[in-house]
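[1] how would this look folded up:
(one chain, ligands or ions: 2)
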Amino acid sequence: MKNLIKKLTETSSPSGYESAIREVIRAEISSLSTNIKVDALGNLIVTMGKKTDKGLRIMIAAHMDEIGVIVSHVEKNGLVRFSNLGTILPQYLVGSRVVFLNGVRGVINQDRPDDLHKIMTQDKHFIDVGAASDKDCPLKIGDVGVFDRGFVELGKRVSAKSLDDRVSCAVMIEVMKTIKNSPHELAFVFSTQEEVQSKGATTAAYEIEPDLAIALDVTPSLDIVGVKMQVDLGKGPAIKVRDVGMLSDPRMVRWMEETAKKNNIAYQLEVLDIGTTDAKVMQISKAGMPTGALSIPCRYVHSPSEVLDMDDVQATVTLLTALLNSPVSLE
Ligand code: CO
Ligand code: ZN
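    Ligands and ions are numbered 1, 2, ... in the order given. Predicted coordinates for the structure are as follows:
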């Protein structure tokens, strides 16, 4: 599992440019289904099983894109100005490295601050690729890149860029490998462009027309700063109750909690004040559907060094497998 997470997080694929990660994932799952397709927005959709009279058509989504940077301007002196793909937080920029899809690497720094201790806005930052002038610069407007940061183990925890949401892609791959005799038709979607408002899950849900939907994503664990949204690392997956974009169907929350209890899986409940997931768009696709989400607690989300606990990853695999292996009764 760690090796799979390493492989997935060390692939560069920002929103809208998911072909590299899609091919890595496709190689992992190609023997598991004969029904694999890529839709117009680049979603990788893998269907497994047939809907029995006890079953439903269930869509499970994990996004394969990651946040990134896009060149907006090259200065005369060769320094590169950039815009963001998804939410880039300025406090993580100075000293970060980026790698562009054309292989060019660069380091990020900022204009001279009035106050050395103030975090400056993103437009006051630049990427230095080692060019002495604009003519010499190997990047042009529109080139895209991602944080350049390898995977490391920290005891039983791990750190990497893009754990949001490659860890959920790894969970989904693991569940696809272990699931047997599900009464459901399962449509596993490795979705695109989640970080730019869930574009991929929008079209995938429209196409699949599920009876029920589950999103898998990370949730910021703020256990280290003690704010009111409390999800701890190492205490199990969080069953989403609410985030900024969605209220989970309470029947889904109950079903998830009961399944966790029945299988002795540690879980937490999540009420999130920042961000949302693919569940937001699935819930209101076409005529709508019961929708919920499982969140893997993660520290420093959207930084180049996100951190999570492998016990939570394993527990998420176990809970999702248990959810999908039995008939669903929503009451
Ligand atoms: Co994100
Ligand atoms: Zn995410």
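
[2] not counting sequence-adjacent ones, nearest residue to T202?
    The spatially closest residue to T202, leaving aside those adjacent along the chain, is V281, at 4.5 Å (C-beta to C-beta, 6 or more residues apart in numbering). Backbone N, C-alpha and C define where each C-beta goes, glycine included.

[3] and the strands in the stretch 1-150 of the chain?
    Under the criterion DSSP state E, counting those that start in this stretch, the stretch 1-150 of the chain contains strands at 35-38, 44-48, 57-63, 68-74, 80-85, 97-100, 105-110, 125-128, 144-147.

[4] which secondary structure elements does the last one contact?
    Same thing as strand 144-147. strand 68-74, strand 97-100 (3 or more C-beta pairs under 8 Å, 6 or more residues apart in numbering; DSSP states H and E).

[5] with the fifth one instead?
    Other elements packing on strand 80-85 under the criterion 3+ C-beta pairs under 8 Å, 6+ apart are strand 68-74, strand 125-128.

[6] possible to save those as TSV with mean neighbour count, distance to I88 and mean pLDDT?
    Listed next are the helices and strands packed on strand 80-85 as TSV, based on neighbours: other C-beta atoms under 10 Å; distance: least, C-beta to C-beta, whole Å; pLDDT from 0 to 100:
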stretch	mean neighbour count	distance to I88	mean pLDDT
strand 68-74	21	7	98
strand 125-128	20	9	98
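
[7] any chance of those in CSV, plus distance to V241?
    Converted to CSV, the helices and strands packed on strand 80-85 look like this (distance: least, C-beta to C-beta, whole Å):
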stretch, distance to V241
strand 68-74, 30
strand 125-128, 36
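
[8] quick one: closest of these to ligand 2.
    Ligand 2 lies closest to strand 68-74 among the helices and strands packed on strand 80-85, at 13.2 Å (C-beta to the ion).

[9] for the residue lying closest to S221 once chain neighbours are set aside, helix, strand, or coil?
    Excluding its sequence neighbours, the residue lying closest to S221 (C-beta to C-beta, 6+ apart) is P297, at 3.9 Å. Counting by DSSP: H, G, I helix; E, B strand; the rest coil, the backbone at P297 sits in strand.

[10] for T52, report the pLDDT, please.
    T52 carries a pLDDT score of 88 in this model.

[11] go on, the one 4 residues further on?
    Reading off the per-residue confidence, L56 sits at a pLDDT of 97.

[12] and it, how many neighbours?
    Using other C-beta atoms under 10 Å, L56 has 19 neighbouring residues.

[13] and what of I284?
    I284: 13 surrounding residues under other C-beta under 10 Å.

[14] equivalent analysis for the one 5 residues further on, please.
    Using other C-beta under 10 Å as the criterion, M289 is surrounded by 21 other residues.
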